[in-house]
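A.B. asks: Give me coordinates for this.
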Amino acid sequence: FLCDVDDKYVPKVGMLFESLEAARIFYRDYAKRAGFSTKIRNTNKSKKSNEILNQLLSCNREGKRRSELAVSEKTNPIFAPNCPARVYVHHLKIIRLWEISKVVLGHSYSCCPSQAELFPQYRELSMYVR
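C.D. replies: Numbers count the residues shown, from 1 in each chain. The predicted structure is shown next:
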């Protein structure tokens, strides 16, 4: 499933940001408009300086949850649709910018922009932006 969002808010390979936080905010803004929530999936750091080299931001429904109980034994089974939506951001040290190098926009479920306010990630933002 692809979410219908104005093209100027959609992340694209090659986009540059002054900071990792700016890239995160851009992806989070896109996610809110598209109707899903995000999470930081992975962060790689330099072993010498402990500086962040790259980061993988993904849909919060990424992955599969494991349980020791059989599905038939669960009273309230949780299903993770293994969503592939993600953005990979890496640091270009020479020019001191952050670049989006990989983008997967498709979801394994349908997003609902009108329900985005229900995600805890966006609740505190909505208090300030009206």
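A.B. asks: use CA for all of it now, contacts and neighbours both
C.D. replies: Noted.
A.B. asks: Where does pLDDT dip in the protein?
C.D. replies: Within the chain, the segments meeting pLDDT under 70 span 1-3, 63-81, 111-130.
A.B. asks: quick one: buried residues of the biggest helix by length in it?
C.D. replies: Counting by DSSP state H, the longest helix found in the chain is helix 20-34. Neighbour-count burial for helix 20-34, counted by 16 or more other C-alpha atoms under 10 Å, picks out 20, 23-24, 27-34.
A.B. asks: Give the other helices and strands that it contacts.
C.D. replies: In terms of contacts (3 or more C-alpha pairs under 8 Å, 6 or more residues apart in numbering; DSSP states H and E), helix 20-34 is packed against strand 86-92.
A.B. asks: So for stretch 49-63, what gets flagged as buried?
C.D. replies: With the criterion 16+ other C-alpha under 10 Å, stretch 49-63 contains buried residues 53-62.
A.B. asks: Can you tell me which of these end up in strands?
C.D. replies: Members of the buried residues of stretch 49-63 lying in strands (criterion: DSSP state E): 53-59.
A.B. asks: May I see the residues you listed organised as a markdown table, with distance to Y9 added?
C.D. replies: Rendered in a markdown table, the data for these read as follows (distance: C-alpha to C-alpha, whole Å):
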| residue | distance to Y9 |
| --- | --- |
| L53 | 24 |
| N54 | 21 |
| Q55 | 20 |
| L56 | 18 |
| L57 | 16 |
| S58 | 16 |
| C59 | 16 |
